[in-house]
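Asks: here is a sequence with its predicted model. Questions after.
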Amino acid sequence: MKKIVLLFAALFFVVGATIAQTENKSDVFVAGDSDNNDVTVKQELTGNDLNVSDISIYEESDDNDVYVDQKGEGLDSDVEISFESGSNDVYVRQRGEGQESDVSITDDSDGNEVSVDQRGEDNLSDVVISNASWYNDVEVTQDGEDNESEVDIYGFSDNNDVYVVQDGEGLDSDVEIGAGSEGNYVDIDQDDKNHESDVFIYSGSNDNWIEVEQEGNYSTSDVEISYGSSNNTVIVDQK
């Protein structure tokens, strides 16, 4: 088994009255029918700093394990799995403020597992599954205030499972399933107060199952099914 291990760790201090911004940036590409690689990215900064991690797996690259661990402020993680790349495991862990995680699974990429764990304030998670990508499992966990999660499944992408768990105040979850995507399962769980959940199923997307559970005060849930989408099940439970 080939292994690629990238370890990035930096700790910076600002001395005196001078204010400086430091940055960690990591780019990883696994491509060209490259299989069974292990990729680890660790980034840690303090103060008004920035961690950026970009990981791309494409061109029929399978069975790769990716672990991203970021701590500090201004966290940004981008993971792309595309061009018939399957059975990859991706875990993104972010701790701090100003966190953003983007996961994209496209172009006939099947059977991937992605887990995003964000803890802190101002969390943003964006997951896109598109272009005939099937049987992917995505789990997003957000703990803190002002959390936002967006999940888009479209382009004849079927039988994907998405779980979003949000705990804190100011929670916002948006789910869109469209363009002939069928048999997907989406579970949204929001706990605390000031929740908002939006679900939109459209353009001939059938047999999808959506569950939204909101527990706490000031909960809002909006569901729209349109443009020839049939046999979908949506369950909203507000407590």
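Replies: That came in fine, so what should we check first?

Asks: rest of the way, CA atoms for contacts and neighbours
Replies: Fine.

Asks: correct me, but Glu169 touches Asp143?
Replies: No - shown here, Glu169 and Asp143 do not form a contact pair, counting by C-alpha atoms under 8 Å, at 9.2 Å.

Asks: tell me the gap between stretch 34-44 and the middle of its chain.
Replies: Relative to its parent chain, stretch 34-44 has a centroid offset of 17 Å by C-alpha atoms, centre = their mean, to the nearest Å.

Asks: how about the CA coordinates for that stretch, as PDB?
Replies: C-alpha atoms of stretch 34-44 as PDB (Å, rounded to 0.1, in the frame of the first residue of the first chain):
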ATOM      1  CA  SER A  34      -4.300   6.000  -7.900                       C
ATOM      2  CA  ASP A  35      -5.600   3.700  -5.200                       C
ATOM      3  CA  ASN A  36      -5.200   2.800  -1.600                       C
ATOM      4  CA  ASN A  37      -3.400   6.000  -0.500                       C
ATOM      5  CA  ASP A  38      -3.600   7.500   3.100                       C
ATOM      6  CA  VAL A  39      -3.600  11.300   3.300                       C
ATOM      7  CA  THR A  40      -3.400  13.200   6.600                       C
ATOM      8  CA  VAL A  41      -3.400  17.000   6.800                       C
ATOM      9  CA  LYS A  42      -3.000  18.700  10.200                       C
ATOM     10  CA  GLN A  43      -3.100  22.500  10.600                       C
ATOM     11  CA  GLU A  44      -3.000  24.600  13.800                       C
END
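
Asks: what bits of this protein have low per-residue confidence?
Replies: 1-22, 47-48 (pLDDT under 70).

Asks: nearest residue to the middle of it?
Replies: The chain has Val127 as the residue nearest its centroid, 4.3 Å off, counting by C-alpha atoms, centre = their mean.

Asks: got phi/psi on that one?
Replies: phi -120, psi 130 (degrees, to the nearest 10).

Asks: who's in contact with it?
Replies: Applying C-alpha atoms under 8 Å, 6 or more residues apart in numbering to Val127 gives the contacts Asp102, Val103, Ser104, Glu150, Val151, Asp152.

Asks: and the second one, which of the three is it?
Replies: By that I understand Val103. Classification of Val103 by DSSP: H, G, I helix; E, B strand; the rest coil places it in strand.

Asks: beta partners of it?
Replies: Beta-bridge pairing for Val103 (DSSP bridges): Val79, Val127.

Asks: residue contacts, Glu213?
Replies: Residues in contact with Glu213 (C-alpha under 8 Å, 6+ apart) are Ile188, Asp189, Gln190, Val236, Asp237, Gln238.

Asks: which secondary structure elements does the helix or strand hosting Glu97 contact?
Replies: Assessed by DSSP states H and E, Glu97 sits inside strand 89-105. Applying 3 or more C-alpha pairs under 8 Å, 6 or more residues apart in numbering; DSSP states H and E, we find strand 89-105 packed against strand 65-73, strand 75-81, strand 113-129.
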